[in-house]
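In: Okay, sequence plus prediction incoming.
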Amino acid sequence: MKNHEIATLFGRIADVLELKGDDSFRINSYRKASRVIADLTEDIEKLASEEKLTDIPGIGKGTAEKIVEYIKTGKMSKYEEVMKGVSEETITLMQIPGLGPKTVAMLNRELGIVGLSDLENALHEGKLKGLFGIGDKKIENIIKGIELFKTSQQRISIGMAYPVVKRIIAGLRNNPEVKDIQAAGSLRRMKETVGDIDILASGTNGASIVESFVSMNGVTQVLASADTKGSVRVEEGVQVDLRVVKEDEFGAALQYFTGSKEHNIHLREIAKKKGLKISEYGIFKGEKKIGGSMEEDVYKALGMNCIPPELRENRGEIEAAQLGKLPNLIELSDIKGDLHNHSNWSDGTPTFEEMAEHAIKMGYKYLVVSDHSKSLHVANGLKDDELLEEIEEIDKLNKKFKGFTLLKATEMDIKADGSLDFLDNILEKLDVVVASIHSGFKQEKEKITERMIAAICNPYVNIIAHPTGRLISKREGYEVDIDKVIEVCAETGTALEINCYYDRLDLNDIYCRKAREAGVMIAISTDAHHIDQMWMIELGIGIARRGWLEAKDVINTFSVDKLKAFCMKKRK
DNA sequence: GCCGTTTTCGGCCCGACTGTTTTCAGTCG
Ligand SMILES: Nc1nc2c(ncn2[C@H]2C[C@H](O)[C@@H](COP(=O)(O)OP(=O)(O)OP(=O)(O)O)O2)c(=O)[nH]1
Ligand SMILES: [Mg+2]
Ligand SMILES: [Mg+2]
Ligand SMILES: [Zn+2]
């Protein structure tokens, strides 16, 4: 798919136009186009051939033409044109905190600064002094910004940020000045990666709260500290921003600070058309404040139900809310079991007993034991006789439980040649069959898709695990025609997994939404190899909610009998 | 550059902080 390339090009055009001082609204349009294309689940070439490009909100005549040109010729003349005489390095300079397009352009014009090393040299030689609009403090700021830029890390998985934010909030609650406190930003929206951690607190003594914040354990660097806000870096490397507001502003501030930016802008536009004004301080009619202590005030004022944070990406949730058609999103308490877990029979650490004990503690009614299969030597995959033995063990153990069942399963390898690791005479003895790809990542898209489809068409295969194979911190997924996979899953009654492991989160939110729209059932599974990974089901719930899933779309909201029936149905 | 049941032209979210700013531009969230 060329989606990613085209989105990148529009983003670049926006950057360069900004540098050149072009109209900010036009720049915004390119940014918006870039974003909607990146979010698209359809292949943009397909949409172009059907002349449906301008149906996409944010894509008009101009951008549509540029897309078509790129698809036809592999080039976008607007891009080539604006990039003339501009270096990529110069664009990167704008990422330095405190350095915006105006300053970078000026430095380039006046001192011929192209990249970071030029800038550092110029600073060293004191060349910035005396330039228009640059004083000592500005220079100081740029030096700090460069340091911050050099040491800042990439976006991290929400799974890494999650424990950090829990720890910080628990710590700050010890300060009695804190009335209300909650995570906001991308973390509250459960976005798969977060750029920073945003926390909102309320109370009258902001200084005390910020003081607790910057002096808490784990802080390695204090980036800012004032009466109503603080910003630190913690030992995990991530930046944490705290804002403190008055109690009666908490709702409006939480709405603002949760974002997303695009969601906020869209809401504010609607408010404006209704003669209202929304800001982080409240909802206003003229001078009069008409709400803002509760978050839902903001949505109520616009005639909407409160939109769940996970949906707030400006991907149609505002329109749905206006029509009263928000989905009834799945919740953690709907989950009755975990559908992908490893024991010490393959590469996991827990015994069956330990797994069951923990599952029961989590309120589950069942747990799927899905150890690896024989081809996966590195993971100590089970051979036929070992799997048969495992089945016997589990059957024995199950007699001890009341209202809880360990389900017999395998995570069967889909081998590089497309064949499966067990024959039907083994598979028929299992309750659930999970299948997944662990090899041949570099194969052609057609080949990988073919392997996947073959597995999906096997009447014993119920769930395809980590369907794209991506690892958030390490690699893109393998090339697979996800549209085709979704289509065949829908036809065959095969479920797709949201793998909850923090570095996978695969399916992601947008594929998940797409699968649901196609009528594919979803399994939310942790793929836990240790007991202490089972909490990650919370991450998967976040992804599911971002994918607009309701409880009825998810097979592990089913009772054990209904789940078994779901699996058996395919065999008939 | 995009968009429209009050508009096909004239808008496009709103506010805080900083600096060398004398009335505001640039940057950020
Ligand atoms: N109204 C409005 N709100 C904004 C704007 N920029 C940021 N916000 C709000 C919404 C964001 O979710 C929130 C926190 O800002 P962040 O830069 O931390 O963004 P966010 O957490 O969404 O993403 P991140 O993962 O940190 O990159 O502030 C803006 O330009 N206008
Ligand atoms: Mg953030
Ligand atoms: Mg932030
Ligand atoms: Zn697994």
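Out: Yes, it's here. Residues are numbered from 1 along each chain as shown, chains lettered A, B, ... in the order given. Ligands and ions are numbered 1, 2, ... in the order given.
In: Now stretch A:403-417: buried residues?
Out: A:404-416 (16 or more other CB atoms under 10 Å). Every C-beta, even on glycine, is put in place using the N, C-alpha and C of the backbone.
In: Please parse chain A into its domains.
Out: A:3-154, A:156-245, A:250-322, A:332-569 (automatic domain parsing).
In: Same list (those domains) but as TSV, adding distance to ligand 2.
Out: Converted to TSV, the domains of chain A look like this (distance: least, CB to the ion, whole Å):
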stretch	distance to ligand 2
domain A:3-154	13
domain A:156-245	3
domain A:250-322	8
domain A:332-569	15
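In: Switch the ones you listed over to TSV; also include distance to ligand 1.
Out: Formatted as TSV, the domains of chain A follow (distance: least, CB to the nearest ligand atom, whole Å):
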stretch	distance to ligand 1
domain A:3-154	11
domain A:156-245	3
domain A:250-322	2
domain A:332-569	13
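In: Out of the ones you listed, flag the one nearest DNA strand B.
Out: domain A:3-154 (2.0 Å; CB to the nearest atom of the strand).
In: Briefly note if that closest one comes near ligand 3.
Out: No. Domain A:3-154 is not in contact with ligand 3 by CB under 5 Å from the ion; minimum separation 11.5 Å.
In: again, but for stretch A:163-174
Out: No. Contact of stretch A:163-174 with ligand 3 (CB under 5 Å from the ion) is absent, the minimum separation being 12.3 Å.
In: Distance from that stretch to the middle of the chain?
Out: 22 Å (CA atoms, centre = their mean, to the nearest Å).
In: mind listing what's buried in that stretch?
Out: A:V164, A:V165, A:I168, A:I169, A:L172.
In: Make a markdown table out of the domains of chain A and add mean pLDDT.
Out: Shown next, in a markdown table, are those (pLDDT from 0 to 100):
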| stretch | mean pLDDT |
| --- | --- |
| domain A:3-154 | 93 |
| domain A:156-245 | 96 |
| domain A:250-322 | 96 |
| domain A:332-569 | 97 |
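In: now those domains in TSV, with distance to DNA strand B?
Out: What follows is those, written out as TSV (distance: least, CB to the nearest atom of the strand, whole Å):
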stretch	distance to DNA strand B
domain A:3-154	2
domain A:156-245	6
domain A:250-322	4
domain A:332-569	19
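In: just so I know, which of those domains lies nearest ligand 4?
Out: domain A:332-569 (4.2 Å; CB to the ion).
In: Endpoints of the closest one, how far apart?
Out: One end of domain A:332-569 sits 26 Å from the other (CA to CA, to the nearest Å).
In: got the residues of chain A near ligand 4?
Out: Close to ligand 4, as judged by CB under 5 Å from the ion, chain A has residues A:E411, A:D527.
In: residue closest to the middle of chain A?
Out: Centroid-nearest residue in chain A: A:E192, 2.1 Å away (criterion: CA atoms, centre = their mean).
In: What is the neighbour count of the residue nearest to that residue when sequence neighbours are not counted?
Out: Spatially, and ignoring its direct neighbours in sequence, A:E192 is nearest to A:L505 (4.7 Å; CB to CB, 6 or more residues apart in numbering). If you count neighbours by other CB atoms under 10 Å, A:L505 ends up with 29.
In: got a list of what A:L505 touches?
Out: Contacts were defined as CB atoms under 8 Å, 6 or more residues apart in numbering; by that measure A:L505 touches A:S157, A:I158, A:G159, A:E192, A:I472, A:I498, A:N499, A:L539, A:G540, A:I543.
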